[in-house]
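Asks: Let's see this in three dimensions:
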Amino acid sequence: MTIATGAEFLKRMERLKSDVWMDGARIEHPYTEVEPFRSVLRAKSALYDMVHDERYSTILQAKDKQSNFSFEIPRTKEDLIKRRKATQLWANQTLGVLGRSPDYVNTMITIMAGAKDFFSENDPAFGEHIDRIYRRAKEHDLTFTHTFVNPSISRKPFYPDGEGKEQAIATKIVEETEEGIIIDGARLLATQGGITDELLVVPSAAFIDSDYLFGCTVPSDAKGLTFINRPAYKKESVFDSPLSAQYEEGDAIVVFDHVFIPWERVFLYRDEWLMNELFMKTGVESFLLYQAVNRQVVKTEWVLGIAQALVATFDIERHQHIQGKLSEIIIALEAMMGFVYSSEAQAELNDYGIMVPKLETLKACASYYQSTYPRLIEIIQLLGASHFIAAPSEKDFNSEIAPQLERFVKGEYVSAYDKFQLIQLARDLSITEFGSRQLLYERYFYGDPIRVLSSLNGLYRPKKEALQERVHRFLKREK
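Replies: The predicted model follows:
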């Protein structure tokens, strides 16, 4: 077993030969030297170095010191608390804006491996496969992204040549051999697509046709696998674009052109029941939400910190409406922390001996943040107001015009340079392309907000019915 250092991680990424496209051109290797990927890879390497830092190692390393925390299967509530602290520690390093820090998909693979008997329901081999995938990932400290969203056009076959020859749109199994399966088609929204060691492919519930029901992993540089990335967001210096210059992850369409997947990489195959039960019965859904909401707690702390810094810089906290805006963020932060603690307090062992945080609580938290985060960002916009529109750049402060900036636009108690360094951070979080993407990411993080609410309503049905019965018993009591 090995716990990678930042340098070892970057060396691995330097050797990666994924087929990545952006703006109509193939991205040249190595990714460690090519923007926009270099910056986010360096940010991730800093997370790996933290695991070896004696200030953090007790939290960030597994108890056996053989891996980082994300590969540790929680068996007790104390394990959950340790995972929460580790998740927040890593999230704090990137202000909570890095959606695919290594622990996100690692957590999914770890929990699936902890529930490997689930995958052995109909064939013991698939349980062994997910366990082997997990052990290899843990041994080499691999990074993953994942993909599970089908193209919206994929609800029917597509015949572009007019000759009736079917070409897959949503990724499906097109051939099965003794050695493995061959998949063809596309999936959407692989964040950091092409710049992780491997890709986790999980089944979508959009199809009952068994050709679409499979789960597997595939190396990012596998033959026939292509990542079509959206254009990178504009970034200048770290002064002008403090978030997008360091944490721009990219998002990709994933194209599988008859990609071969060996059987040992397949852990779910043509099984509708397993697909439908995968997320809840194994505990995967709870743990994905647990990772996400802990990241969001940290992100909300940063939002509050930025808001307070703006208020202090502009010297406006004496106004009650400003105090009210800050209090809105405080309420959101306290609510988020409350959700997390409640999910831990109500955690229970599942059928596979995994201590699972309360799903209903975490799903309620996810839904709450989908509607709350846009308001938090609106508050940052309202506080920054016109300061965001006429913000001078780092080049301005390095030019002969700098003395006039210090004369006319300095803060009440800080220099103009320090004032606008803060303003650029607030702008990048709230109104730039990067900030707008963050807003959409949080708004739709766990899917369509209406569907999340509907799912929560269904999940809560037993408790709702019990409460309804309590009402009826009250009404029937003798007076």
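
Asks: State which helix of the protein is the longest.
Replies: Longest helix of the chain, by residue count under DSSP state H: helix 284-314.

Asks: in that helix, what's buried?
Replies: Within helix 284-314, the residues that qualify as buried by neighbour count (16 or more other CB atoms under 10 Å) are 284-304, 306-307, 309-311, 313-314. From N, CA and C alone the C-beta is placed, and that goes for glycine too.

Asks: Closest to the centroid, which residue in this protein?
Replies: With distances taken as CA atoms, centre = their mean, the residue of the chain nearest its centroid is residue 99 (3.2 Å).

Asks: quick one, what contacts the nearest residue to that residue once chain neighbours are set aside?
Replies: Computed as CB to CB, 6 or more residues apart in numbering, the closest residue to residue 99 that is not its neighbour in sequence is residue 191, at 5.5 Å. Counting by CB atoms under 8 Å, 6 or more residues apart in numbering, residue 191 makes contact with 99, 100, 145, 249, 250, 251, 252.

Asks: export these to a markdown table and tack on distance to residue 272 and secondary structure?
Replies: Rendered in a markdown table, the data for the contacts of residue 191 read as follows (distance: CB to CB, whole Å; DSSP: H, G, I helix; E, B strand; the rest coil):
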| residue | distance to residue 272 | secondary structure |
| --- | --- | --- |
| 99 | 29 | coil |
| 100 | 29 | coil |
| 145 | 26 | strand |
| 249 | 33 | coil |
| 250 | 33 | coil |
| 251 | 29 | strand |
| 252 | 28 | strand |
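
Asks: so how far is residue 398 from the nearest residue to residue 306 once chain neighbours are set aside?
Replies: Taking CB to CB, 6+ apart as the measure, residue 306 lies nearest to residue 426, with 5.3 Å between them; neighbours along the chain are not counted. From residue 426 across to residue 398, the span is 21 Å (CB to CB, to the nearest Å).

Asks: Mind checking which of the two has more residues around it?
Replies: residue 426 (25 against 12; other CB atoms under 10 Å).

Asks: and the more buried one, how far is that from residue 40?
Replies: According to CB to CB, residue 426 stands 21 Å off from residue 40.

Asks: what does residue 19 give?
Replies: To residue 40, residue 19 is 19 Å away according to CB to CB.

Asks: neighbour-wise, which of the two wins?
Replies: With other CB under 10 Å as the criterion, residue 19 and residue 40 differ in neighbour count, and residue 40 comes out ahead with 21 against 18.

Asks: Which helix or which strand is home to that one?
Replies: Here residue 40, judged by DSSP states H and E, is contained in helix 37-52.

Asks: again, but for residue 101
Replies: Residue 101 belongs to no helix or strand, assigned by DSSP H and E.

Asks: Skipping its backbone neighbours, what lies nearest it in space?
Replies: When the adjacent residues along the chain are set aside, residue 101 lies closest to residue 90, with 5.5 Å between them (CB to CB, 6+ apart).

Asks: Check that neighbour and give its pLDDT.
Replies: Among the per-residue scores, residue 90 holds a pLDDT of 98.

Asks: Burial check on it, number of neighbours?
Replies: The burial count assigned to residue 90 is 30, neighbours taken as other CB under 10 Å.

Asks: Buried ones in the helix or strand harbouring residue 332, by neighbour count?
Replies: Mapping residue 332 onto the secondary structure by DSSP H and E places it in helix 320-345. Counting neighbours by 16+ other CB under 10 Å, one finds that the buried residues in helix 320-345 are 322, 325-326, 328-329, 332-333, 335-337, 339-340, 342-344.

Asks: Pick the one among the residues you listed closest to residue 77.
Replies: Distances from those to residue 77 were compared by CB to CB; the smallest belongs to residue 344, at 6.2 Å.

Asks: The residue nearest to the centre of the chain reaches residue 441, doesn't it?
Replies: Yes. Residue 99 is within contact range of residue 441, at 6.1 Å (criterion: CB atoms under 8 Å).
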